Each structure stands twice: as C-alpha cells, then as structure tokens.
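Engineer: below are the sequence and a predicted model; questions follow.
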Number of protein chains: 2
Amino acid sequence: MAMPNAFVNKLRGYAPLDRSDVEALEAACQNARRYPPGYDLIREGDEPSVVFVILEGWACRYKMLPDGGRQIIAFMMPGDCCDVHVAVLSEMDHGIATLTTAKVATIPRPQMEALTDARHGLTKAFWWTQLVDEGVLRATIVSLGRRTTMERIAHLLCELYFRMRNIGLTDDGPCEMPFTQIVLADAVGLTPVHTNRVIKKLRSAGALEVTPGSLIISDISTLAHIAGFDDNYLHRRLKRSA
Amino acid sequence: MAMPNAFVNKLRGYAPLDRSDVEALEAACQNARRYPPGYDLIREGDEPSVVFVILEGWACRYKMLPDGGRQIIAFMMPGDCCDVHVAVLSEMDHGIATLTTAKVATIPRPQMEALTDARHGLTKAFWWTQLVDEGVLRATIVSLGRRTTMERIAHLLCELYFRMRNIGLTDDGPCEMPFTQIVLADAVGLTPVHTNRVIKKLRSAGALEVTPGSLIISDISTLAHIAGFDDNYLHRRLKRSA
DNA sequence: CGGGTGGTTGAATGAAATCAACTATGGTGG
DNA sequence: CCACCATAGTTGATTTCATTCAACCACCCG
C-alpha cells in the first residue's frame, strides 16, 4: 500500500481506524487539487457545501475588518480539515485561504455523512480533531488577551512546531515555518514592525532565524521556555477507556 | 406540560425536536443542582466525565496564568452546555466556573451517547451549538487581536445581549449583565482600571449604566454602532435543505 | 535595470498599564 | 447599634509599550 495521505495519518493518531475506514478516507480525497499561495478556498458570507482537507501546504482561517486589517484566526497544516459539519450552516462567518501552494481535497456533505455513518472509529477521530481545534482557539484567546507580545509570538511558534512534530513534518533539527512576518503579525494582532522587533529579540536569544519568506525555529526549548508553553491543550494523550 | 427548561428551549431553536427528544432531554437534566457564584464546576487538569448544562445563571470558561492573571474565554448562559464530546479527552485544558448562583445539570457520558444515538434531530442540534460556540471563539479572537478597546467591550456586550435575546432573557428594554467590571476586564484582556475608563465613555455616550455588581445596557443600537457589530457569527439563520 | 516584496531601523506619538489614592457600599462581629 | 473590613468602582499621575510614520536595504524577477 502507498504511503497514506496526511489526513489519514493524522486521524489515525486519534482513534484506531480499520482498513476500510482508511480506504474510504483515501477515496474521499481523490479529487484533491493544487492551489497557489493566497488563494481563497472560501470567503466570509459564502455558503459552505464541502469540507476542505489540507493534504499538502499551509492555509489559514481569517477575518477581514472594515478598516482593511486582517486577523488570522487559526493556521491549518497537512491533515487538518475544516469543521466536519460546516455544511449545516447557511453562511461562513470567516474565510479560509492558502498561505503556500497547497494541495486540498473537498468532501461534499453527503459523502461526509456516508463516511461517519456507521463508522464509529472515524466518528470518534473527528470528535477528537474538533476538540483539539477548539483547544487551539482557546489558547489563542489566552495569548491575545493576557500574554506579552514576546510570549505570544513564542507561544504561537511553539504550537505550530509541536503540531508539525505530531504529524511528522519536523524532527529535532531546525524547523521552517513557511510564512512572512506580515502573516505572523496578522496572527498575533500586532503591526508588522513591532512583530519584527520582537522577532529580533527572539533571534538574539538564539531561538529563531529569519529568511525572506519564512522563519526558522532553531531552538525550541528556549522558545518554549520564553512562551511558558504547555502542550496539554493539543490533547495528545488518549483516555484508556475511550 | 410545564415550561421546558432553557436547554430544550435553545436546542429547539436549532433543529426540530419531537416530543420524545424533549422528554429525553428533560429527564437528563433532572439531577440539576444549584451552585454559589465563583464555584469551580471543573478545573484545568481534571478529567472530564460529564457534560455540564447551565439551566439558570451564568458561568464562564477561563484559564489562569502563572502570574495569577485570568483570561475568561467564553461566557455561558442558560441553555448553554460544554462540548458534547468532552468526555473523550483525558484532561481539561481550561476550567469552568459559575459567575452568579447557577442551576446546572450534569449529563454523564453514557447518557449523552444514548441521547444522540438514533436521535437525528438532537444530534443535528448539538452540531449546531458546537458550530455557534466556535464562531463565538473566533469572534473573540478577532476582537482581542484587532479591535480597539472600546469596540472590544462594546462588541462583547452586544454579543451577550443578542444571545440573551435569542433565548428570551431580555427584550427591547434595558438589559442587565450580572457581572462586575473585573470580570469584564478578564474577558477583554484589559486591566480593571482601563476597563473602567472605557465604560465611562460608553456611559457618557448613553449606551450603558453601571450598578455595583452589574452593567446595564440601556441603548443597544449605539452600542452596536460603536462595536461595528454583525451577528452573522451567531448563525441564527437555518439552511433550508438541512 | 527597475520595481515589488519582505525585512529592518529610527523618531515621535498615542494607548494602556501601573501605582496610588479615595469613595461608597454591604456584611460581620464586638 | 456601630466599628470595622472587604469588595467594587472611580480618578489622577506616571511609566511602559506598541503604533505610526518614514526611510532605507536586500533580494528576486521580469
């Protein structure tokens, strides 16, 4: 059997899937297409009819403000999908756009229902992803509300680092985050220039390096120390009885 | 039949429930107890085993920081419940505490599963509540990240106002929010003194009044105007085909 | 070679935190 | 009953932090 796709890979970490579950998932992702960076997969106000699954590359949920500002709400990386049940809503309250060129599959609602009906393992895995996604949103709120800008940026980078590790996208070595400082600023609620100054400090602490178009985490432990990072909200531990 | 409880009431707004659904929900809430203000229903790190349902009063999700600061992540009011599937997690990543004296029911996991298994209407209503809750979290992120403090406070108050209206807890008249400025400050990520100064401005704009222990919204339209409030994320519109 | 994007730095302005009082209120115990 | 204390709200002065505005560099790409 070929290497399973990122979606299958991630879900398998959350609940045991049998061969038929995996085959059904693989089949549902067959229609994947490739999109350029900055492509709007869906916009605020659109009617959602499919579930997006990121197979390669990065994307983000975002919301634009009247004054032209943008707030990035969450990052999506390979294996991530938008809410399994979005399609019950009549209108998106935010947009989803690619950050890099990305390969993404779309699963229409009826097919999604067919996937979960009578597949207990898959259903449970989806619950789990949803609970983790909510935990990430809550952690973001805590960062924006109560952490210093330094902790905030360090915390976000730690989160992304550990999420990448969980899906095998990085190992102990340096880890490249494929987005600009502008994008980071839109995620942490700061101006690009102040973001740059904070990055400068993190760089001189030896935690980071910078290249045009991406950040490279060179020392995750100092970064985690600065952030006061605790990965409990990513919920990697399984409950035995479940 | 007696007046249905707040939980039933809210869920009925999201999907048609038949008589047996309603009876099952009512039965599940029979064990409700009353708690004093400031009572921790569950703490970060605890193992979740039940779903909490707020029947009367207010509660909040929150997280404490190492320096003693608190970030309130979300407010819960009558009819709200915590994630239907929390019990699959081994550990809470945040706490839930009452803000006022509150009547809350606890539904153990097996009973929750019995409720959703084979009750399509209920299951769909739960999806919906979860999607709305996520929309609220995203809106909070946008507020904390990109809105001015004035917009931020006004926006939160608008949200709470419209959520109260949706469940019949207020009408066109003035609307009382039963929490202190300290609590509000913990929710919007500001200090109590700066929160107080912003409230002062909102008060002199005629939008608010203040009494010890609560805020009173006296003019929702100016408040909504200041906040640039759009209630789309509360998803009250149903999709026809769904 | 010229223009665009991403990154970097400096100086001035403005917003929020901090520190410090002080008021008003309600509840408790002497 | 009153003295006392704790809590909530309010205000002023000062300091810290982030934004704003402006410039400039480096690089890639046409």
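Structural biologist: Arrived safely.
Engineer: list the buried residues in the helix-or-strand element of chain A with minimal mean pLDDT.
Structural biologist: Taking mean pLDDT, DSSP states H and E as the measure, chain A has helix A:109-116 as its least confident helix or strand, at a mean of 92. Neighbour-count burial for helix A:109-116 flags A:Arg109, A:Met112, A:Leu115, A:Thr116 (criterion: 16 or more other CB atoms under 10 Å in any protein chain shown). Bear in mind the C-beta positions are built from the backbone N, C-alpha and C, glycine included.
Engineer: try stretch A:197-215
Structural biologist: By neighbour count, and taking 16+ other CB under 10 Å as the criterion, the buried residues in stretch A:197-215 are A:Val198, A:Ile199, A:Leu202, A:Ala207, A:Leu208, A:Glu209, A:Leu215.
Engineer: from these, which land in strands?
Structural biologist: When strands are assigned by DSSP state E, the members of the buried residues of stretch A:197-215 inside them are A:Leu208, A:Glu209, A:Leu215.
Engineer: ok, and the closest non-adjacent residue to the first one?
Structural biologist: The spatial neighbour of A:Leu208 that comes closest, neighbours along the chain excluded (CB to CB, 6 or more residues apart in numbering or on different chains), is A:Leu202 at 4.7 Å.
Engineer: distance check, that neighbour against A:Arg152.
Structural biologist: A:Leu202 sits 11 Å away from A:Arg152, going by CB to CB, to the nearest Å.
Engineer: that older thread, which residues does the residue nearest to A:Leu208 contact?
Structural biologist: In this structure, A:Leu202 makes contact with A:Met150, A:Ile153, A:Ala154, A:Leu208, A:Leu223, A:Ile226, judged by CB atoms under 8 Å, 6 or more residues apart in numbering or on different chains.
Engineer: ok, now A:Asp117?
Structural biologist: Residues in contact with A:Asp117 (CB under 8 Å, 6+ apart): none are found.
Engineer: what's the angle between the host helix or strand of A:Leu55 and helix A:109-116?
Structural biologist: Element membership of A:Leu55, judged by DSSP states H and E, is strand A:50-56. If you take axes from the mean of the first three to the mean of the last three CA atoms, to 10 degrees, strand A:50-56 sits at 70 degrees to helix A:109-116.
Engineer: could you see whether chain B lies near strand A:50-56?
Structural biologist: No: with CB under 8 Å from any CB of the partner chain as the threshold, strand A:50-56 lies outside contact range of chain B, at a closest distance of 12.6 Å.
Engineer: next structured bit after that strand?
Structural biologist: As assigned by DSSP H and E, the chain's next helix or strand after strand A:50-56 is strand A:59-64.
Engineer: now check that following strand, is it near DNA strand C?
Structural biologist: No: judged by CB under 7 Å from any atom of the strand, strand A:59-64 and DNA strand C are separated, with a smallest distance of 14.1 Å.
Engineer: what is that strand packed up against?
Structural biologist: strand A:70-76, strand A:95-98, helix A:181-188, helix B:120-146 (3 or more CB pairs under 8 Å, 6 or more residues apart in numbering or on different chains; DSSP states H and E).
Engineer: one more pass at 6 Å, please.
Structural biologist: If contacts are counted by 3 or more CB pairs under 6 Å, 6 or more residues apart in numbering or on different chains; DSSP states H and E, strand A:59-64 sits against strand A:70-76, strand A:95-98.
Engineer: okay, now A:Asp67: neighbour count?
Structural biologist: Other residues within reach of A:Asp67 by the criterion other CB atoms under 10 Å in any protein chain shown amount to 9.
Engineer: Three-state assignment for it, please.
Structural biologist: In the three-state summary, A:Asp67 is assigned as coil, counting by DSSP: H, G, I helix; E, B strand; the rest coil.
Engineer: A:Trp58 is in contact with A:Met77, correct?
Structural biologist: Yes: the criterion here is CB atoms under 6 Å, and A:Met77 meets it with A:Trp58 at 5.5 Å.
Engineer: show me chain A divided up by domain.
Structural biologist: Residue ranges for the structural domains of chain A, counted by automatic domain parsing, are given in the record as A:6-133, A:148-234.
Engineer: now check the first one, is it near DNA strand D?
Structural biologist: Yep, that's domain A:6-133 we're talking about. No: among the residues of domain A:6-133, none lie within reach of DNA strand D under CB under 7 Å from any atom of the strand; the closest is 8.6 Å away.
Engineer: tell me how far the ends of that domain are from each other?
Structural biologist: The distance separating the two terminal residues of domain A:6-133, taken as CA to CA, to the nearest Å, comes to 17 Å.
Engineer: ok, back up a step: of the ones in strands among the buried residues of stretch A:197-215, closest to DNA strand C?
Structural biologist: Distance to DNA strand C, by CB to the nearest atom of the strand, is smallest for A:Leu215 among those, at 7.1 Å.
Engineer: starting at the chain centroid, how far to stretch A:67-86?
Structural biologist: Its chain's C-alpha centre lies 7 Å from the corresponding centre of stretch A:67-86 when counted by CA atoms, centre = their mean, to the nearest Å.
Engineer: so that stretch, near chain B or not?
Structural biologist: Yes: taking CB under 6 Å from any CB of the partner chain as the criterion, stretch A:67-86 and chain B are in contact, through A:Gly69, A:Gln71, A:Ile73, A:His85.
Engineer: so can I have TSV of those showing neighbour count, pLDDT and distance to B:Phe52?
Structural biologist: Shown next, in TSV, are the residues of stretch A:67-86 next to chain B (neighbours: other CB atoms under 10 Å in any protein chain shown; pLDDT from 0 to 100; distance: CB to CB, whole Å):
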residue	neighbour count	pLDDT	distance to B:Phe52
A:Gly69	15	96	36
A:Gln71	23	98	30
A:Ile73	26	98	26
A:His85	23	93	22
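Engineer: export those residues to a markdown table and append columns for distance to A:Arg163.
Structural biologist: Supplementary listing: the residues of stretch A:67-86 next to chain B in a markdown table, determined by distance: CB to CB, whole Å:
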| residue | distance to A:Arg163 |
| --- | --- |
| A:Gly69 | 26 |
| A:Gln71 | 20 |
| A:Ile73 | 15 |
| A:His85 | 22 |
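Engineer: please list the residues of chain A that sit near DNA strand C.
Structural biologist: Contact residues (CB under 7 Å from any atom of the strand) of chain A with DNA strand C: A:180-182, A:192-193, A:196-197, A:199-200, A:210, A:212-214.
Engineer: turn those into a markdown table, columns for pLDDT.
Structural biologist: Formatted as a markdown table, the residues of chain A next to DNA strand C follow (pLDDT from 0 to 100):
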| residue | pLDDT |
| --- | --- |
| A:Thr180 | 98 |
| A:Gln181 | 98 |
| A:Ile182 | 98 |
| A:Pro192 | 98 |
| A:Val193 | 98 |
| A:Asn196 | 98 |
| A:Arg197 | 98 |
| A:Ile199 | 98 |
| A:Lys200 | 98 |
| A:Val210 | 97 |
| A:Pro212 | 96 |
| A:Gly213 | 95 |
| A:Ser214 | 97 |
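Engineer: now these in CSV, with distance to A:Arg138?
Structural biologist: Listed next are these as CSV, based on distance: CB to CB, whole Å:
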residue, distance to A:Arg138
A:Thr180, 26
A:Gln181, 25
A:Ile182, 25
A:Pro192, 26
A:Val193, 29
A:Asn196, 28
A:Arg197, 28
A:Ile199, 25
A:Lys200, 29
A:Val210, 29
A:Pro212, 33
A:Gly213, 30
A:Ser214, 27
